[in-house]
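# My questions are about this predicted structure, shown below with the sequence.
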Amino acid sequence: MNPQTILLYDGSFDGFLCCVFIVYDQKTPDPIIRKEYQNDHQLFAVTEQVISEKDKAYRVWKGFRDKTTAVEQNNFFRAFLSEIKGVENTLLRYMQKIFTNAEKKGIDYSDKDILKISQVAKMVGREKHRMEAFVRFQRTKDNIYTAVVNPDFNVLPLIIHHFRDRYADQKWLIYDTIRNYGIYYDLSTVELITFEDNRKPDLKTIKNSHNDQEIDFQKLWNTYYKNVNIKSRKNNKLHLQHIPKRYWKYLTEKNML
Amino acid sequence: MSFDRIREKLSILADAAKYDVSCASSGGKRANSKKGLGNTTAMGICHSYTEDGRCVSLLKILLTNHCIYDCAYCITRKSNDIKRAAFKVQEVVDLTINFYRRNYIEGLFLSSGIFKNADYTMERLVSVAKKLRLEENFNGYIHLKSIPGCSDELMREAGLYADRLSVNIEIPTVSGLKLLAPDKKHEDFIKPMEKVKNEIIQYKNERKIIKSTPVYAPAGQSTQMIIGATGESDRDIMYSATYYYKKFNMRRVYYSGYIPVLADNRLPSLGTEVPVLRENRLYQTDWLLRFYGFSVNEILNDSNKNLDLDIDPKLSWALRNLHLFPIDINKADKRMLARVPGIGMQSVSKIIQARKFRNLNWEHIKAIGIALNRAQYFITCNSKDFHTKEWSPLVLKNKILKSSNSKYKKLFNNQLSLFS
């Protein structure tokens, strides 16, 4: 019996695509693809470290792109960002199916892997939408509208576009405190930035560097939020379904001043 | 500005505006221009939710709650003894911009009580929108109320700055309106709707020839009806709604369960429960009409004047038309798939794509996510296993009710026990 091959990559999308490249290049039977930091040193398996190379990644992506629609490509990337353990292998099987199937006739929702990818992509899409809704900027002394978030999935790459288009005339920063990186817009471009541990933005540091009027506007917002509620229609179940408690920490209106 | 004073006004004028249920920020598309502030996305975003489970998407306020009218159903009516307040134009602009920059809102929904006269009021609403667009280079969403009776010129200007315009019909029947709002005429509501519809068509046509023609109210117009204030039937309501959708190209008609805010012998008494379930069934019907290809007389007609409260309107329709079922999931056309209880439009599209690859069985359609507890009685698929027994509508209804877990179930416990 041949031992199973485990391909380890750096966690980037390019890195994952390079794993797919290796699988085809070396005709690896039945591999497991995993992020480096998720490896748990299995016995009876051969581990191989895959190095990210832009051109290999591009060749794989181009092959996939030529055989799929924009929606499928989008779903593929979103499912990858879910970071769910084992998603790489579902994605690999999905890609293999796309490469083997000659004709294109829509999405086969009766296939377990394809359905799974579309469902995971939907979960990620929902989280992306929630971040577009629930980010609460606070204006700091140096005039940066700053927000901290900790989304269920790694969705910052998906929301750059939205925030850049919308807040084109103000500096802003959205920082993912779990994954420890953020997106920062300096009035011309958006960059990914990482702070050292002792300089990471959090609710407390932001509060300490508030712009003069910041608290007043937060109070106004809370007043508004309180007054648009219709008491005789109270529906707590629906309320929690729409804003689950794990998001409350960062919502101005849920932290009455 | 004095934040304390603004805060007091905000609490009064947000409170007074909240009975307008429209909060949509969707349906339009406005790009951010010249590196300004904001844009409008077709999907719309709900930034928060209040404890009643309603979405908060826009800063929804009245410019003032002073009003010359005395409509019985309205909290700001002249004879009601409440605190009155009025915003200055610049105050609304500042609030909107500062809320928007913090990602609290998608934009502004500005309505108003009528002070002095229609033109005077409308002029102020328009000047807020104009200031936001021209001085602040604001490209977020703006929804303005059209004030019945204002001049054509003001209406035209409003549509050039706003994404959506609306007039609330409030009372679905002409007789109800006469009873509750004696100073208002049905025609007053219709005129601005007609006007907006025509302007939209005219601007669209001009745009085909001259590309630089501005867009007029790109998110269209909407209206709202109060449900359960004047004893109208569901049929009356949905036939009115259909009329407004067809006649004025409405994007949305909203149904708002009457909330007793005032004691008046023409109205349900204070403490009467808000008819949220009925409201829900009306919205479901509205969806069936707009997205599922139903026509209104299939759901509501002379023999069915009101919707069933215990089951959804699609299931009601299917139970009355059992002779059309079961249908074969692998062969039925899109129109018929959409009519199966328990299958939504998303599932319809998934089924249609998936069945090109293979014949679908129960496992496939379950994985796709349709509600089999309802759908199973109305479909067959690639399996020998399906319901062959012919049940009467009543028996089938109870079978389904027993297996379902509706959030409204507790309301119907008494009825259910009759049959079990």
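Nice, I can see it. Numbering: from 1, shown residues only, chains lettered A, B, ... in the order given.
# what number of residues lie near residue 129?
All of this is about chain A. As a burial measure, A:His129 scores 17 neighbours (other C-beta atoms under 10 Å in any protein chain shown). Any C-beta I mention is one placed from the backbone N, CA and C, and that applies to glycine too.
# let's do chain B instead
Neighbour tally, B:Ala129, other C-beta under 10 Å: 25.
# Ok, the one 4 residues further on next?
Other residues near B:Arg133 come to 19 when the count uses other C-beta under 10 Å.
# distance of it from chain A?
According to C-beta to the nearest C-beta, to the nearest Å, B:Arg133 stands 15 Å off from chain A.
# Would you check that that residue makes contact with B:Ala158?
No: contact criterion C-beta atoms under 8 Å: B:Arg133 and B:Ala158 do not qualify, at 11.5 Å.
# how far away is the residue in the stretch 151-257 of chain A positioned nearest to chain B from B:Tyr104?
Going by C-beta to the nearest C-beta, chain B is nearest to A:Leu238 of the stretch 151-257 of chain A, at 3.1 Å. From A:Leu238 over to B:Tyr104 the distance is 21 Å, taken as C-beta to C-beta, to the nearest Å.
# re earlier: run through who's touching the host helix or strand of the residue of the stretch 151-257 of chain A closest to chain B.
For A:Leu238, the host element (DSSP states H and E) is helix A:236-242. For helix A:236-242, contacts defined as C-beta atoms under 8 Å, 6 or more residues apart in numbering or on different chains pick out B:46, B:49-53, B:55, B:407.
# hmm, try it at 7 Å
If you take C-beta atoms under 7 Å, 6 or more residues apart in numbering or on different chains as the criterion, helix A:236-242 is touched by B:49, B:51, B:53.
# so of those, which ones are in helices?
Among those, no member falls in helices (DSSP state H).
# TSV for those residues, including distance to B:Gly293, neighbour count and pLDDT?
Output for those, formatted as TSV (distance: C-beta to C-beta, whole Å; neighbours: other C-beta atoms under 10 Å in any protein chain shown; pLDDT from 0 to 100):
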residue	distance to B:Gly293	neighbour count	pLDDT
B:Tyr49	31	22	95
B:Glu51	36	17	93
B:Gly53	29	20	91
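# who has more neighbours, A:Leu238 and B:Tyr104?
Ranked by neighbour count (other C-beta under 10 Å), A:Leu238 and B:Tyr104 place B:Tyr104 first, with 25 against 15.
# ok, that one - contacts?
Contacts of B:Tyr104 (C-beta under 7 Å, 6+ apart): A:221, B:47.
# Could you find the closest non-adjacent residue to residue 31?
The chain I'm using is chain A. Closest residue to A:Pro31 in three dimensions, ignoring its sequence neighbours and counting by C-beta to C-beta, 6 or more residues apart in numbering or on different chains: A:Thr5, at 4.6 Å.
# not what I meant, chain B
The nearest residue in space to B:Ala31 (C-beta to C-beta, 6+ apart) is B:Asn39, at 5.6 Å.
# which stretches of the stretch 51-200 of chain A form strands?
Listed in chain order, the strands of the stretch 51-200 of chain A (DSSP state E, counting those that start in this stretch) span residues A:138-139, A:144-149, A:171-176, A:181-185, A:190-193.
# mind putting those strands in a markdown table, mean neighbour count, mean pLDDT and distance to chain B included?
Below are the strands of the stretch 51-200 of chain A laid out as a markdown table (neighbours: other C-beta atoms under 10 Å in any protein chain shown; pLDDT from 0 to 100; distance: least, C-beta to the nearest C-beta, whole Å):
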| stretch | mean neighbour count | mean pLDDT | distance to chain B |
| --- | --- | --- | --- |
| strand A:138-139 | 23 | 97 | 7 |
| strand A:144-149 | 22 | 96 | 6 |
| strand A:171-176 | 21 | 97 | 9 |
| strand A:181-185 | 18 | 97 | 12 |
| strand A:190-193 | 12 | 96 | 14 |
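# nearest residue to B:Ala241 other than its sequence neighbours?
B:Ala241's closest residue in space is B:Val253 (C-beta to C-beta, 6+ apart), at 4.4 Å.
# If you could redo that for B:Pro268, that was the one I meant.
Once flanking residues are discounted, B:Pro268 sits nearest to B:Pro260: 5.5 Å by C-beta to C-beta, 6+ apart.
# OK, contacts around the one you found?
B:Pro260 sits in contact with B:267-272, where contact means C-beta under 7 Å, 6+ apart.
# so where's chain A shaky on pLDDT?
Where chain A drops to pLDDT under 70, the residues are A:1, A:41, A:43, A:102, A:104, A:257.
# can you count the residues close to B:Thr41?
18.
# Check the gap between the spatially closest residue to it that is not a sequence neighbour and B:Asn139 for me.
Leaving aside its chain neighbours, B:Thr41 sits nearest to B:Lys29 (7.1 Å; criterion: C-beta to C-beta, 6+ apart). In this view, B:Lys29 and B:Asn139 are 10 Å apart by C-beta to C-beta.
# Up against chain B, what does the stretch 1-150 of chain A have?
Within the stretch 1-150 of chain A, the positions adjacent to chain B are A:105-110, A:115, A:132-133, A:135-137, A:145 by C-beta under 7 Å from any C-beta of the partner chain.
# right, and the pair among the contacts of B:Pro260 with maximum separation?
B:Leu267 and B:Gly271 (11.9 Å; C-beta to C-beta).
# show me what contacts the spatially closest residue to B:Asn137 that is not a sequence neighbour?
In space, and not counting its chain neighbours, B:Asn137 is closest to B:Gly36: 3.2 Å by C-beta to C-beta, 6+ apart. Contact analysis of B:Gly36 by C-beta under 7 Å, 6+ apart lists A:168-169, B:137-139.
# before we move on, what about B:Thr173?
Applying C-beta under 7 Å, 6+ apart, we find B:Thr173 in contact with B:230, B:232, B:236.
# Kindly recompute the last result at 8 Å.
Neighbours of B:Thr173 in contact, by C-beta under 8 Å, 6+ apart: B:230, B:232, B:236, B:240.
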